[in-house]
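Visitor: Here is a sequence with its predicted model. Questions after.
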Amino acid sequence: MSVVVNGETANIVYDKLYKTLMGNGELVNSRNGLTKELTHVITIIKNPKERWVTCREPSISPAFAIAELVMLINGSDDADIINSWNPLLKKYQGDYSRYPGAYGPRLCNAFGLNQLMKAYETFSFKPESRQVVLQIWNPTIDLPQREGLPNNLDIPCSLVSILKVRKNKLLWTQVMRSNDLFRGVPYDLIQFTFLHEIIAGWLQLEVGEYMHISDSLHLYSDSVNNNLICKSNNYLDAMNTDSLNASYEDSIFYFSYIFEAMKSMVNSDNLMNKIKDFIYTKDLPSAYKNMLLVLCEYKVLKYRLGDGLIQECRRLNTNSLYNTMMIAWGRFNHRDCD
């Protein structure tokens, strides 16, 4: 069954996806249990900057979503770093110190080039190009073994990103082989619409339409049975007020700065002083500093460093959406993460 879902924001399309899947999905067995599934689902977000899904319960973790993005831009697959913002990921780690399915190395280091930089260079000279396809899937390590078993516990769900420039807007198509509506879709939408906006900024283009193609959109029965899903009318009022518009060089510097801060915060030694240094930094513009403040607030909550420091993180964060989402996430999770 093919389905097309349109909406202005990620929240609107997520609500529609949930209702469509629950109403029309078919029961299908998987290696991880029974699912309700739709195939060939096309999701179109007209304003990708409104990327945050706030109607899911339990609320998604904005800190983990931002940490994933920073890891990707920096080409990192280090398990210790990303686990520090979501310890529940460890069940997908297996015996590796790095996540074999992480998108960062595949987009930034694999195939002998940085694909994000190549996209930027291509459109800088040939904005009409139809050849900018960012490859994530690697059949040499991602296709199943002869017996049909996966090669490891961390097989990427995303296959390719297809970028085009039309009418001074960057258009983005993301193709997914598999999408868990509860655990995966909110974070996938955030991660790739962030990339969409960032690369548009490098090119000084407007952010155009975002298309997300899910070959298998599904929901596991445990998510339904535990009411871990979407509350249709539970939209948060706050809107995203940040713009990541920056040159390639500046953007890479900002994300490198945040990545170094993340690595520093993995170790809890002298953590409070580290966080105080980071939250008062003047080295980042507000949109990037706001992301760092979310990462810092997570650590303050995790290590119970005091309500005063939590309030200071929120006072300094100029994007009220992040504060609202951190409060919503905290109601469900004072434990580690999603």
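Guide: Right, received. Where do you want to start?

Visitor: Who does residue 219 form a beta bridge with?
Guide: Residue 219 has these beta-bridge partners by DSSP bridges: residue 36.

Visitor: neighbours around it, how many?
Guide: By other C-beta atoms under 10 Å, the residues close to residue 219 number 26. No exception for glycine: its C-beta is placed from N, CA and C like everyone else's.

Visitor: and it, how far is that from residue 309?
Guide: Counting by C-beta to C-beta, to the nearest Å, the separation of residue 219 from residue 309 is 37 Å.

Visitor: pLDDT weak spots in the protein?
Guide: Across the chain, the ranges flagged by pLDDT under 70 are 1, 225-237, 333-338.

Visitor: Kindly recompute the last result at 80.
Guide: 1, 93-96, 222-238, 332-338 (pLDDT under 80).

Visitor: Do a quick rundown of the helices in it.
Guide: For the chain, the helices defined by DSSP state H cover 10-24, 62-73, 79-83, 103-108, 115-125, 139-142, 185-202, 221-225, 248-266, 271-279, 286-302, 307-316, 320-332.

Visitor: Could you export those helices as a markdown table, including mean neighbour count and distance to residue 40?
Guide: As requested, the helices of the chain are exported to a markdown table (neighbours: other C-beta atoms under 10 Å; distance: least, C-beta to C-beta, whole Å):
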| stretch | mean neighbour count | distance to residue 40 |
| --- | --- | --- |
| helix 10-24 | 19 | 12 |
| helix 62-73 | 24 | 26 |
| helix 79-83 | 18 | 31 |
| helix 103-108 | 21 | 23 |
| helix 115-125 | 16 | 26 |
| helix 139-142 | 11 | 21 |
| helix 185-202 | 23 | 15 |
| helix 221-225 | 13 | 21 |
| helix 248-266 | 18 | 34 |
| helix 271-279 | 17 | 44 |
| helix 286-302 | 23 | 34 |
| helix 307-316 | 16 | 42 |
| helix 320-332 | 18 | 31 |
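
Visitor: Tell me which of these sits nearest to residue 177.
Guide: Closest approach to residue 177 among those is made by helix 139-142 (9.2 Å; C-beta to C-beta).

Visitor: Nearest residue to the middle of this protein?
Guide: Nearest residue to the geometric centre of the chain (C-alpha atoms, centre = their mean): residue 191, 2.9 Å.
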